[in-house]
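Student: what follows is a predicted structure for the sequence shown.
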Amino acid sequence: MNDIIGYILITIGILFDIFGCIGLVRFPDVYNRLQASTKCVTLGTILLLMGVALASNDGATASKALVCAVFILITSPTGAHAIARGAYASGVPLWENSVVDKYAEKGGQSTDLTSQ
Amino acid sequence: MRRLIYFLLAFVIWIFLTWPFTNDRINNIQIVVAGLIASIIVAVLFQEVLPPEHHIFISPKRIVWFLLYIPVFFYYVLKANLDVVYRALHPQMPIKPGIVKIKTSLKSESAITALANSITLTPGTLTVDLTDDGYLYIHWINVQSDDIEKATQIIAQKFEYFLERIFEEP
């Protein structure tokens, strides 16, 4: 029973990873691509790890997989945030059809880069 | 107190990572002792770097709120993923991206970090930057409103309710 649920989770996880990659190719600019890659790939990978934890039927493997899942959950959005901010700071433009850019009024320059 | 909590946290993670204890007793003792030493070093050296909100680990109320937050968070993560998948697969690609500004009422650094990470993982939003006075710049894949208050209501309020109770209320 555990195996079956595990394999289903692995399948769904791989599907989300694939959709994330399709989004990565199709979306027009850095920021939209980050959206696709962080969301879909994070959930896909976490589902994969949970599937592994269930399907392995082994406490040792399961505990490691769950620790990995927690680390991915913490680090992936932080990484995306750093990339987005870095991209804006180095002048990567938004997609031409973007509707609003409130960040521009700040000049894209972070005030706290030095103070931190 | 703070050192003790972070020491226990590091040690528990170490135990999780080295879980398959063998039948060889000396080997087991070596693993545990190595973990103890490493955890003590981490707790002593890095106590300035680690977040100061250590009380969340020992307050049962906060832990309950945190456990309640997990299913809510997963629901929004799933919704966000289906939304992005839909936009990625749709032939016309119905996206309307832009960067909006929102204001958060959260004060502590850990709470704002958790909020920014939650926003990044959920419906079509990605935190780009945040300021010292509590404003966040969010890249939104489908801008519904560029007004600060309205955007705050749509993006952040559902998380703030929980995060306030986990990190801030005395």
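Tutor: Arrived safely.
Student: got a pLDDT number for A:Ala104?
Tutor: The model reports A:Ala104 with a pLDDT of 64.
Student: same question, the one 3 residues further on
Tutor: Residue-level confidence at A:Gly107 comes out at 53, pLDDT.
Student: likewise A:Ile10?
Tutor: 90.
Student: so the nearest residue to it once chain neighbours are set aside is in which element?
Tutor: In this structure, A:Ile10 finds its nearest non-sequential neighbour in A:Gly51, 3.6 Å apart by CB to CB, 6 or more residues apart in numbering or on different chains. In this view, the C-beta of every residue, glycine as well, is placed from N, C-alpha and C. Assigned by DSSP states H and E, A:Gly51 falls within helix A:30-56.
Student: what about stretch B:106-124 and chain A, touching?
Tutor: Yes - residues of stretch B:106-124 contacting chain A under CB under 8 Å from any CB of the partner chain: B:116-118, B:120-122, B:124.
Student: whoops, I mixed them up, stretch B:66-80
Tutor: Yes - against chain A, stretch B:66-80 shows contacts by CB under 8 Å from any CB at B:77-78, B:80.
Student: tell me which parts of chain B are close to chain A?
Tutor: Contacts of chain B with chain A, taken as CB under 8 Å from any CB, map to B:13, B:16-17, B:19-20, B:77-78, B:80-81, B:84-85, B:87-89, B:93, B:95-101, B:116-118, B:120-122, B:124, B:126-129, B:131-132, B:137, B:139, B:141, B:143, B:146.
Student: so what are the domain limits for chain B?
Tutor: Domains of chain B are assigned by automatic domain parsing as B:2-50, B:62-168.
Student: between the helix or strand A:Val25 falls within and helix A:30-56, how many degrees?
Tutor: Using DSSP H and E, A:Val25 sits in helix A:2-26. Orientation of helix A:2-26 against helix A:30-56 (axes from the mean of the first three to the mean of the last three CA atoms, to 10 degrees) gives an angle of 170 degrees.
Student: buried ones in helix A:2-26, by neighbour count?
Tutor: Along helix A:2-26, these residues count as buried under the neighbour rule (16 or more other CB atoms under 10 Å in any protein chain shown): A:6, A:9-10, A:12-13, A:16-17, A:19-21, A:23-24, A:26.
Student: contacts for that helix, please.
Tutor: Contact with helix A:2-26 is made by A:32-33, A:35-37, A:39-41, A:43-57, B:81, B:84-85, B:87-89, B:93, as judged by CB atoms under 8 Å, 6 or more residues apart in numbering or on different chains.
Student: and residue 71, how many neighbours?
Tutor: You didn't say which chain, so I picked chain A. Other residues near A:Phe71 come to 11 when the count uses other CB atoms under 10 Å in any protein chain shown.
Student: think we crossed wires, I meant chain B
Tutor: By other CB under 10 Å, 9 other residues sit near B:Pro71.
Student: please apply the same query to A:Ser90.
Tutor: 8.
Student: report the rounded mean pLDDT for stretch A:18-30.
Tutor: Computed over stretch A:18-30, the average pLDDT equals 81.
Student: actually, stretch B:74-87.
Tutor: Regarding stretch B:74-87, the rounded mean pLDDT is 80.
Student: what's the first helix or strand after the biggest helix by length in chain B?
Tutor: Longest helix of chain B, by residue count under DSSP state H: helix B:60-89. Following helix B:60-89 in sequence order, the next helix or strand is strand B:98-103 (DSSP H and E).
Student: tell me what angle the very next helix or strand once past that following strand forms with strand B:98-103.
Tutor: Using DSSP H and E, the next helix or strand after strand B:98-103 towards the C-terminus is helix B:109-121. Per the same axes, to 10 degrees, the angle that helix B:109-121 makes with strand B:98-103 is 150 degrees.
Student: quick one: low-confidence residue ranges for the chain.
Tutor: Defaulting to chain A. Chain A contains residues with pLDDT under 70 at A:95-116.
Student: I was thinking of chain B, sorry if that wasn't clear
Tutor: Counting by pLDDT under 70, chain B contains low-confidence ranges at B:20-23, B:49-58, B:123, B:145-146, B:148, B:151, B:154-156, B:168-170.
Student: list the residues that contact the residue nearest the centre of chain A.
Tutor: Residue closest to the average C-alpha location in chain A (CA atoms, centre = their mean): A:Thr38, at 1.8 Å. The contact partners of A:Thr38, by CB under 8 Å, 6+ apart, come to A:76-77, A:79-80, B:120-121, B:126.
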